[in-house]
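Participant: structure, please.
(2 chains)
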There are 2 protein chains.
Amino acid sequence: MLDWIDSYEKRTWQTTDEGTINYALIGLGWWTIDVALPAIESSDLGEVTVLVSSSTEKAERLADENDVARGISYDEFHDGAASDEYDAVYIGTPNAYHLAYAETAAELDKAVLCEKPMEATVERAEELVETCEAADVPLMIAYRMHTDPAAQRARELITDGFIGEPVSVYGHNSQPLLEMIPDPDQWRLDSDLSGYGTSVMDLGIYSINTARYLLRREPVTVHSNMLSNHEAFDDVPDERASSLFVFEDDVQMISTASQRAHEDTHLKITGTEGRIELRPAFHGECSLHLSRGDVSVTIEHDAFDAEREMEEEFDYFADRLLGDAEIYPDGRHGLRDMRIIEAVHESAERGEPVDL
Amino acid sequence: MLDWIDSYEKRTWQTTDEGTINYALIGLGWWTIDVALPAIESSDLGEVTVLVSSSTEKAERLADENDVARGISYDEFHDGAASDEYDAVYIGTPNAYHLAYAETAAELDKAVLCEKPMEATVERAEELVETCEAADVPLMIAYRMHTDPAAQRARELITDGFIGEPVSVYGHNSQPLLEMIPDPDQWRLDSDLSGYGTSVMDLGIYSINTARYLLRREPVTVHSNMLSNHEAFDDVPDERASSLFVFEDDVQMISTASQRAHEDTHLKITGTEGRIELRPAFHGECSLHLSRGDVSVTIEHDAFDAEREMEEEFDYFADRLLGDAEIYPDGRHGLRDMRIIEAVHESAERGEPVDL
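Facilitator: The predicted structure is shown next:
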């Protein structure tokens, strides 16, 4: 137990501690500026050298405020400005803009770290993957749960048989989006920018992807239901969504997500012999709850928040670029999530199960 | 808060504290002898006067051991033996035997408290209800969650708007049946005796019925998936089951149940403004977890266990018989659960949603 606790935060994936990846950050919303940027600055292997935004002025102002060398506009980025000053791009724009920036990054021979979901539709996500593959530039999708210590330890425990044979999974991710961002015209509620919808694309994806990661299994069929009653959700089908998946080896998963509900994040995996829960699960403050036989253990974790989680993610990405190991959540991995989300929407629309 | 805590266990349903109902207990398994019998003995309004079992010898021996006046066989019961000595029957036999005992009770003009699920199939449950209605004998289905303090307070809070508009419900009920009762030939795994199956009939019913009770809403459609891989589950389709319901007012519910998994009971209702959870939820040791805005409250409850929960249920039933108030979980209420469970099985078999 002593060893286990002391190595709880251990980066079991780390292969190198030498070198630096310089980043251009694209899309300067609060997440990029308040979370991603300081995460890279605190990381071992990354540095932010360029900020990319809608106008040169905005980019330069934010660069100035955040001690970053260069600020350039989207147009300048596409023209190759400052391309000697960064090795990789981090794409944190609305979903439907990811492809365009990835295309330019690929042309410029830059590695791509792209936020999830990777694009607005499966077709565009495919194009994104193929573009990066054709140009032979590394592509990673920003699933930061993969480097969260609680998720990593949970995954090891499941592999070691802690819960026996996995039986069922429960995933939930909800938040009151209109209270967090009081604007009915925000991009997450605009299907041109968000893609298939909002609750599954933005929230449900955490349950789906983390289950795939923890179980090392893929869903084979899904049935889902979606509803939008509130006027701000007129353009998207899923103010709330519920899904029933069957994964490989007959593992059943049920999942709910909503952008208009009390905040709650929760992932629970029940097996024949035990149970593993992440709760809170997803937004940086992950706690791990273990149960087996009559014994229950809770591991809470002060040091981690969204920024620290991002720091791990950026160092993982940099490690993959600087070392030899492969990227686990690569473009093909992210593309599979896109296909799953498309199937979730298709099932809800048709009112019947969809095979994956 | 002081008032609320002090009245946490209050029987808001109570209409009388005078009178006694004498019971004949039918089906003397561990639940009846170790839980139901002492619960009635501790109750205010009940007394056990007759025990009914497979043989006179067994019934008399158990009556003797438990200070009960009479022990009679099933055959003697059907012949009307000792019928002056009890006012009501409690039916705790395997599901498929409920109807026969209820028929005799109705003939003998005795009130019926029948364990859930009320019978093996919808058809037999309908017959049970109609028999009791025709004979004008009171019929209650033994949903003891309805008189559990945590469930009662949760229901009031939801009615008072604590969680805002209900959005989604999660229900889970699992146990390692073969570890609890190490016999692959037990009746819960025999579809002739259990009915449609085992995990939904025996465990999932708690999530379904408690959600109906708490939300005051009914499910309108269900999609479900069932799997049996273990040989002990050859005769039933649902070693594990997962379901996706839509309730009235677009409330989404997801639910899992398994008779071959680590024990866990959990009911969570998420609304636009708050969340209410019962965890543990179902087997007598119910804790209530409330969350609204930034505030979370947990109410734990030492005094309650399965026996105490049954005591409340028996006093509720007796109160309804001795007073004027109506039985809430009556035969029609239980019959609806049977139709829901049938639909859950039908959906799993056909692989498509079933309307209710």
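
Participant: which residue ranges form the helices in chain A?
Facilitator: For chain A, the helices defined by DSSP state H cover A:2-6, A:30, A:37-42, A:56-65, A:74-78, A:98-107, A:122-135, A:149-159, A:177-180, A:191-194, A:199, A:205-215, A:306-322, A:331-350.

Participant: average pLDDT for the fourth one?
Facilitator: This points to helix A:56-65. The predicted model assigns helix A:56-65 a mean pLDDT of 97.

Participant: what sits up against it?
Facilitator: When contacts are defined by Cβ atoms under 8 Å, 6 or more residues apart in numbering or on different chains, helix A:56-65 is touched by residues A:28, A:33, A:50-53, A:68-73, A:76. Where you see a C-beta, it was placed from the backbone N, CA and C, and this is true even at glycine.

Participant: now with 6 Å, please.
Facilitator: Helix A:56-65 has contacts (Cβ atoms under 6 Å, 6 or more residues apart in numbering or on different chains) with A:Leu28, A:Leu51, A:Ser53, A:Gly71, A:Ile72, A:Ser73.

Participant: can you give me the end-to-end span of stretch A:39-55?
Facilitator: 24 Å (Cα to Cα, to the nearest Å).

Participant: which other residues reach it?
Facilitator: Outside stretch A:39-55, the residues that touch it by Cβ under 6 Å, 6+ apart are A:20-26, A:28, A:37, A:59, A:62-63, A:68-73, A:77, A:82, A:85-86, A:307, A:310-311, A:314-315, A:318.

Participant: strands of the stretch 151-300 of chain A, residue ranges please.
Facilitator: Counting by DSSP state E, counting those that start in this stretch, one finds strands in the stretch 151-300 of chain A at the ranges A:166-176, A:219-227, A:240-247, A:252-258, A:260-271, A:274-278, A:288-292, A:295-299.

Participant: can you list the buried residues in the fourth one?
Facilitator: By neighbour count on 16 or more other Cβ atoms under 10 Å in any protein chain shown, the buried set for strand A:252-258 is A:Gln252, A:Met253, A:Ile254, A:Ser255, A:Thr256, A:Ala257, A:Ser258.

Participant: let me have the helices of chain A in CSV, extended by mean neighbour count and distance to B:Met338.
Facilitator: Formatted as CSV, those follow (neighbours: other Cβ atoms under 10 Å in any protein chain shown; distance: least, Cβ to Cβ, whole Å):
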stretch, mean neighbour count, distance to B:Met338
helix A:2-6, 9, 48
helix A:30, 10, 52
helix A:37-42, 20, 54
helix A:56-65, 16, 63
helix A:74-78, 18, 61
helix A:98-107, 22, 50
helix A:122-135, 18, 42
helix A:149-159, 20, 37
helix A:177-180, 16, 40
helix A:191-194, 16, 42
helix A:199, 30, 33
helix A:205-215, 23, 32
helix A:306-322, 23, 47
helix A:331-350, 21, 28
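
Participant: nearest to B:Thr272, out of these?
Facilitator: The closest of the helices of chain A to B:Thr272 is helix A:177-180. By Cβ to Cβ, the value is 9.8 Å.

Participant: I'd like the average pLDDT over the closest one.
Facilitator: Across helix A:177-180, the average pLDDT comes to 97.

Participant: what's the answer for stretch A:270-289, then?
Facilitator: 94.
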